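*Asks:* Here is a sequence together with a model predicted from it:
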Amino acid sequence: MRMRKKKNLISRMERCGDRLVREPYSMPGKWRELMPQARELRLELGCGKGRFTAGTAAAEPDVLFIAVERVPDAMVMAMERCAAQGLTNVFFIDANADQLPLFFAPGEADRIYINFCDPWPSNRHAKRRLTHGNFLRLYRQVLKMGGQIHFKTDNQDLFTFSVEELPLFGFELSEVTRDLHANGPVGVMTDYEAKFHEQGLPICRCVATMVPWEEPFPTDIRRVKNRWLDVFADGVSEAELGKHVLSEGNYLWHLFS
């Protein structure tokens, strides 16, 4: 669902301007200067309206949180939420997740939270999922060794995809569950999570710890196909792809069929 455009967005953003990092490209290796006493630096990808952001930051005031959100209308609500609670350990970036290596130095982050991201159900759009290997490679660039990804979703198919994908890119899984709140609420919830929980929908969660890893040469034909499409056919419509690239009789059709 598209969020309704907020009234007075610019003025509201300006009132919370001390929490917005306007030049994140100048920050690699410098984030802890915002909070020198922080014991950890954690990222949240897609903070939405900030219920989880504010609740987690309030519970751990000695941790520096950087929330990455690409929808300003949502981010301003999260910023206002944190300001209203007087939180000083949360800062915000208006950006996409694929920019992380441009913002953070190698090994600078201790943890990444991914909560209820877009499942992108079409296989053709799998590479847009925040737990796709393309993104996992980026997270490996900014996480320290032993750093973690904490992932939650209500989408069973996305969760199945994710717990299969994460180990393929050097992450060990733990705390894997398909019904996090089966015995009562656990941890800080997002706005979506609270709504889903009230509706009785199960919430999936896992923790993925980064371990040493070298990417193997792909031998599975499905992965070879997907890698080729990612590199050479990014942005090509499904109709054009089928007509010119994967149509019957085409060389690639014989290769990938």
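*Replies:* Right, received. Where do you want to start? Owing to the predicted nature of the structure, the values given are computational and were not obtained by experimental measurement.

*Asks:* need the strands for the protein, in chain order.
*Replies:* 40-45, 63-69, 90-94, 109-115, 143-153, 171-177, 204-210 (DSSP state E).

*Asks:* a markdown table please, covering these and showing distance to Gly187, mean pLDDT and mean neighbour count.
*Replies:* For glycine as for every other residue, the C-beta is placed from the backbone atoms N, C-alpha and C. As requested, the strands of the chain are exported to a markdown table (distance: least, C-beta to C-beta, whole Å; pLDDT from 0 to 100; neighbours: other C-beta atoms under 10 Å):
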| stretch | distance to Gly187 | mean pLDDT | mean neighbour count |
| --- | --- | --- | --- |
| strand 40-45 | 14 | 98 | 22 |
| strand 63-69 | 14 | 97 | 24 |
| strand 90-94 | 17 | 97 | 22 |
| strand 109-115 | 11 | 98 | 22 |
| strand 143-153 | 9 | 98 | 21 |
| strand 171-177 | 11 | 98 | 15 |
| strand 204-210 | 9 | 98 | 21 |
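
*Asks:* quick one, which of the ones you listed is nearest to Cys82?
*Replies:* strand 90-94 (4.8 Å; C-beta to C-beta).

*Asks:* Give me the residues contacting the closest one.
*Replies:* 19-21, 24, 34, 47, 53-54, 57, 64-70, 72, 75, 78-79, 82, 103 (C-beta atoms under 8 Å, 6 or more residues apart in numbering).

*Asks:* Kindly report the same for stretch 63-72.
*Replies:* If you take C-beta under 8 Å, 6+ apart as the criterion, stretch 63-72 is touched by 3, 9, 13, 21, 31-32, 34-35, 38-48, 50, 53, 56-57, 75, 78, 89-97, 100.

*Asks:* what about it, distance to the chain center?
*Replies:* 11 Å (C-alpha atoms, centre = their mean, to the nearest Å).

*Asks:* which of the contacts of strand 90-94 count as buried?
*Replies:* Neighbour-count burial (16 or more other C-beta atoms under 10 Å) is assigned, among those, to 19-21, 24, 34, 47, 53-54, 57, 64-69, 72, 75, 78-79, 82, 103.
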